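Participant: need a 3D model of the following:
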Amino acid sequence: MAFQKHPIKFIALVLLTSTVLLSSCASKKDVVYFQNASGFETMVSDNSHTNKFKIDDVVNIVVSTYDPIASQPFNLFKGAAEGGIRPEQVDYIIDKNGEIDFPVIGSLKVAGLSPEETKALLKEKLTPYLKDPIINIRLKNFTVTVLGEVNRPGTYPVNGEQITILEALGLANDLTIKGMRENVMVIRDFNGTKVYTRIDLTKKEALNSPVYYLTQNDVVYVEPNQSAVTASALDNRASIWVSIASVLITSTVLIITRTN
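Facilitator: Residues are numbered from 1 along each chain as shown. Below you'll find the model as predicted:
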């Protein structure tokens, strides 16, 4: 028989075939986003999102009026103005009770409120002191973290008041080919309580997921798919396969030597 004439080639063929059979390749359905969305389809999303302040958020609040002197007591600065340089404004940290200590007004509960709701509350509180105050509010610690099977994992600052999970994955240079798109996990903190939510990015219904819009300090984790798991297992077994191949080749050489 042919394998008796070339036993080493036969062994190599067996090893190669076994490796191919044990490995698995990702199919198109594993890597394509929004697979059930047809061409020119219109989808009306009912997913409305308004960011809410949380405990430990760092918030910048600027109060201004047509009379700068009148609004000055409601803006805190650290350091004195020197050489025409304006001192740095103090940010507010939301404490464990969900409150900030605002000048003149005192304790103000803002956790759970949106920036617009906080503006409305401040205008109401400032009415006895200021006429037509202009209030600007900015969340300073809006970051999202993307981990797992992405090309550039890390923590990214968000410029603006909202970001979608797709935009966050874009910051991380998208998922790798080994990322599990149908089971992406978002870890969200609600004032000390962790909530784990999964989203299927292969379906258009992902646009209506409660985690399609991310909130500050959300963590997005992309699990490895079966292809990545199998590849890892094969890598771990590489030394075993080499040892087996070495034993088989050595045994075959001894058999051939003795036969001859």
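
Participant: for this structure, what spans make up the helices?
Facilitator: For the chain, the helices defined by DSSP state H cover 2-5, 7-22, 28-31, 68-71, 115-126, 165-171, 226-236, 238-259.

Participant: could you find the closest non-adjacent residue to residue 204?
Facilitator: The shortest distance from residue 204 to any non-neighbouring residue, by C-beta to C-beta, 6 or more residues apart in numbering, is to residue 37 (4.2 Å). Every C-beta, even on glycine, is put in place using the N, C-alpha and C of the backbone.

Participant: neighbours around that neighbour, how many?
Facilitator: Residue 37 is flanked by 13 other residues according to other C-beta atoms under 10 Å.

Participant: isn't it up against residue 206?
Facilitator: No: contact between residue 37 and residue 206 fails when scored by C-beta atoms under 8 Å: they sit 10.1 Å apart.

Participant: what stretches of the stretch 101-250 of the chain score poorly on pLDDT?
Facilitator: Flagging of the stretch 101-250 of the chain using pLDDT under 70 yields the residue ranges 227-250.

Participant: how much space separates the residue nearest to residue 204 from residue 205?
Facilitator: 10 Å (C-beta to C-beta, to the nearest Å).

Participant: cool, residue 126 as well?
Facilitator: 44 Å.

Participant: check residue 117 too.
Facilitator: Counting by C-beta to C-beta, the separation of residue 117 from residue 205 is 29 Å.

Participant: surely residue 182 and residue 206 touch.
Facilitator: No: using C-beta under 8 Å, residue 182 makes no contact with residue 206, being 9.6 Å away.

Participant: next, show the common contact partners of the two.
Facilitator: residue 200 (C-beta atoms under 8 Å, 6 or more residues apart in numbering).

Participant: what about these two, which has more around it?
Facilitator: residue 206 (21 against 17).

Participant: residues near the nearest residue to the more buried one once chain neighbours are set aside, how many?
Facilitator: Nearest non-adjacent residue to residue 206, counting by C-beta to C-beta, 6+ apart: residue 199, 5.4 Å away. By the criterion of other C-beta under 10 Å, residue 199 has 20 neighbours.
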